[in-house]
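S.K.: Starting from these lines, generate the structure:
(chains A and B)
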Amino acid sequence: MTSIESPLPEKAANFIRNIVTEDLKSGKHRLVVTRFPPEPNGYLHIGHAKSICLNFGLAGDFGGRCHLRFDDTNPAKEEIEYEDSIKENVSWLGFNWGEHLHYASDYFEELYRHAVALIEKGLAYVDSLSAEEIRGLRGTLNEPGQESPHRGRPVEENLELFRGMREGEFPDGAHVLRLKIDMASPNLNLRDPVIYRIKKVEHHRTGAVWCIYPMYDYAHCISDSIEGITHSICTLEFEDHRPLYDWVLDALQLPCHPQQIEFARLNLSYTVMSKRKLLELVQEKLVDGWDDPRMPTLVGLRRRGFTPASIRAFCETIGVGKSDSFIDMGILEDAVREDLNVRAPRAMAVLRPLKVVIEGYPAGETELFDAANHPADPAMGTRQVPFCDTVYIERDDFQEEPAKGFFRLAPGREVRLRYAYIVRCESVLKDADGEIVEIRCSYDPGSRGGSAPDGRKVKGTIHWVSARHAIEAEVRLYDRLFSTPNPGGKNEPDYRSSLNPKSIETLAGCRLEPSLEGAEGESRYQFERLGYFCLDSRDARPGQQVFNRTATLRDSWSEQKR
RNA sequence: UGGGGCGUCGCCAAGCGGUAAGGCAUCGGAUUUUGAUUCCGACAUUCCCAGGUUCGAUCCCUGGCGCCCCAGCCA
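M.R.: As a prediction, this is how the structure comes out:
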C-alpha cells in the first residue's frame, strides 16, 4: 500500500478500529464521535492513557471528534481538583477536546425528565426498601431475585414520590428509583437496577440544587446519546452492563443509540493500577505523593521524565484487544528510551565520583573539548567541556583487579576519557581503611580529542567531569516500585509486602559537567553511559540541581555479570 | 448445577475457510570515541485440547479444559 492511498500513518489494526472503519464505509456513520469519560475522583494513570489514546486517537485518525466528559454523578467522591488534574493530563498527552468539555451533571435536568418518562411508561418505580432489603431480594448468581413489594406502585404514586425525592422531602436512603426489568434475569444488572438515590450532598458543580443523583448505568448511556457519541468505548467489566445500556436507550426511544464496545484494561507488571491501592500508597506515605516518580500516574511518569510521545507510542505498541493482558514494565521503559534516544541531548555526569589525577598534565591549565550534543544528529550541535589535571570518573569504571571481560580502567591499563585523552592508570591511592581514594594516571598528549595517533585500539571509553569545573548535584535513581511482577497477586498476602526497598536511591555530591548548570524546566538529557535523566522541576533550585533517572541505558555488561 | 467474556511464539497482537503479519524480548553477527544507538540475520509445519464438516480449518460445528468479570443506593 502506498502513502498516496493511505495518507494517514498506518496504525496497527484492532477490532475497534475495524468496527469504526466498517461503520464509516457502510454509511452507518458519517462522523466518528468518541469520548473519554473519567470520574473526577482520582488521578489518571497509565491505564487511563490507553483509553485516552484509543478514544482520541480513533477520532483523530478518522477526522471525527472526541469529547472529554466528566462522569460526575457521585458528589460524595468527586472533587474539582481532580478535574483540573485530568484536564491537564489529557492536554499534556497531546490531545484536544476543543469545544467538547462536558459533564454528566450538565444533563441532570434532562436525566430527571427521562426518569419521569420512564415512570409514566410504567418502566420505573420508587422502591422504599432499605439497601439491605434490596440486596436480600436480589437473589444470587444461581437463584433468581424476588420482586419488591413496591414494584406494583401506581404510576401516580411513583411520580409523587419521585418528585418528593427531588424536593428533599425524604432522608438519604428512604427511597430509590428502580427500573422495572426482570428480577429473574440471569444478568444481575437487569434485576431492577437502582437508577436514582437520595444523597443530601453538595455537588462540586451543581451545588445544593440536587439531592438525588443518577447512577452510572442510567446516566452514562443517556449522556452518550445526548452528545451524539457513535462508539462508546469502555473496559471489559462493563460487558454485562451493555444489555442495560441498550435497554435504557430503547425504552426512552432516543434517536441516538451509541454502540458500546469493551476492551481489556491495561495491566502493567511491577506496579499496581487500582485507584484504591494508589490512594493507599499516597495516604500511607509509602510514596512521596501522586507525582512520586515511581508512581504509574501520569503526573508521576511526567516527573520521572517520560514524554507524552513515549506514552502514546507505548499505547500504540501494546495494542487493543479483549483478552486480559499483562504488559511487562520493560515495554514502557523501552518506549521512553526509544523517544529519548532521538531527542535527548547528551551530557557527562559522574554519579559516584572517583578522583583521577593526570600526572604530567600542566597544573592550572584548562582545555576545552568539543563534544557532540548527539552523536547521530549533527543538527543538535556541539558544546565545549572543560578539562584539567584532575577529573572525576565513575567508581564503577575502575577495578583494581579487573574481572574477566572488564575493559575499563585498571592498573596498567589504558582507557579513553571521552572527547579528551587516552590515559593509563599508574597507581592507586588508598586511605587507612583500604578504600580507594584516588587514581593517578599518565596521559598521551598526542591523543587530544580522544583519538589514538598511532591507530592503537583502546576498547574502553568512559565519561568524566573536570574536578575544577564540575557542578555538584543531587541525582535520584529510581527503580521499579515493586519487586514482584504482580504485587498482591497469588502467594502475596498484601501488595505492600512486595514494595521494592531499592526503588529510590538518592545520590548527593554527584558531579555534572558545567553546561548542566543552566538546565531548567523539564529538561531531559542522556547522561552518557548511564541513562536518561530529567531535571526535577519541583525540587531543583538555582545552584542545586536535582535530576531524576527516567531509565537506564540498556547495559549488556551488567546483564552479562548477572 | 446462573450469566457474560477470553484462550495464536516468553509478553502483547494481526489474521476470521486457502495453507501463521508486526512489535517487544531472546540468540547470532557488523559498525561504534556511550559495553548505548544503528545495522543485518535467526526466531510458531503451528494457532488450549479432542472429535466432526470440508479438497482444504487458527478461522465453521460438537464436546471438554483453563482463566477473567458480575450479587454497590461506586464508576
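
S.K.: mind giving me the domain ranges of chain A?
M.R.: When chain A is parsed into structural domains using automatic domain parsing, the resulting residue ranges are A:15-265, A:272-307+A:320-344+A:473-561, A:349-463.

S.K.: Mean pLDDT, distance to A:F314 and mean neighbour count added to the ones you listed, as CSV?
M.R.: (Glycine included, C-beta is placed from N, CA and C.) Conversion of the domains of chain A to CSV gives the following (pLDDT from 0 to 100; distance: least, C-beta to C-beta, whole Å; neighbours: other C-beta atoms under 10 Å):
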stretch, mean pLDDT, distance to A:F314, mean neighbour count
domain A:15-265, 97, 8, 18
domain A:272-307+A:320-344+A:473-561, 94, 4, 17
domain A:349-463, 96, 23, 16
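
S.K.: can the ones you listed go into TSV with extra columns for distance to A:A313?
M.R.: Written out in TSV, the entries for the domains of chain A read as follows (distance: least, C-beta to C-beta, whole Å):
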stretch	distance to A:A313
domain A:15-265	10
domain A:272-307+A:320-344+A:473-561	5
domain A:349-463	19
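
S.K.: In contact with whatever residue of chain A ends up closest to RNA strand B, which residues?
M.R.: Chain A approaches RNA strand B most closely through A:G450 (2.1 Å), counting by C-beta to the nearest atom of the strand. Under the criterion of C-beta atoms under 8 Å, 6 or more residues apart in numbering, the contact partners of A:G450 comprise A:416-422, A:461.

S.K.: quick one, phi/psi of it?
M.R.: The phi and psi values for A:G450, taken as degrees, to the nearest 10, are phi 110, psi 0.

S.K.: coming back round to it: from the contacts of A:G450, list the ones also adjacent to RNA strand B.
M.R.: Contacts with RNA strand B are made by A:416, A:418-419, A:461 out of the contacts of A:G450, judged by C-beta under 7 Å from any atom of the strand.

S.K.: RNA strand B contacts on the stretch 451-562 of chain A?
M.R.: Residues of the stretch 451-562 of chain A that fall close to RNA strand B, judged by C-beta under 7 Å from any atom of the strand: A:451, A:460-462, A:526, A:528-529, A:553-557, A:559-560.

S.K.: run the last query once more with 10 Å
M.R.: A:451-452, A:457-463, A:485, A:489-490, A:526-532, A:552-561 (C-beta under 10 Å from any atom of the strand).

S.K.: Look up how far A:F314 lies from the spatially closest residue to A:G47 that is not a sequence neighbour.
M.R.: Of all residues beyond its chain neighbours, the one nearest A:G47 is A:L266 (4.3 Å), with distances taken as C-beta to C-beta, 6 or more residues apart in numbering. Shown here: A:L266 relative to A:F314, a distance of 10 Å by C-beta to C-beta, to the nearest Å.

S.K.: Between these two, tell me which one has more neighbours.
M.R.: A:F314 (26 against 23; other C-beta atoms under 10 Å).

S.K.: Just to be sure, the more buried one is in a helix?
M.R.: Yes. Counting by DSSP: H, G, I helix; E, B strand; the rest coil, A:F314 is part of a helix.

S.K.: Can you tell me the SS state at A:G122?
M.R.: Using three-state DSSP, the structure places A:G122 in coil.

S.K.: Wait, it touches A:V155, no?
M.R.: Yes. Shown here, A:G122 and A:V155 form a contact pair, counting by C-beta atoms under 8 Å, at 6.2 Å.

S.K.: how about the strands of the stretch 101-250 of chain A, start to end?
M.R.: When assigned using DSSP state E, counting those that start in this stretch, the strands of the stretch 101-250 of chain A occupy the ranges A:101-103, A:124-127, A:176-179, A:194-198, A:212-214, A:231-235.

S.K.: Much appreciated, bye for now.
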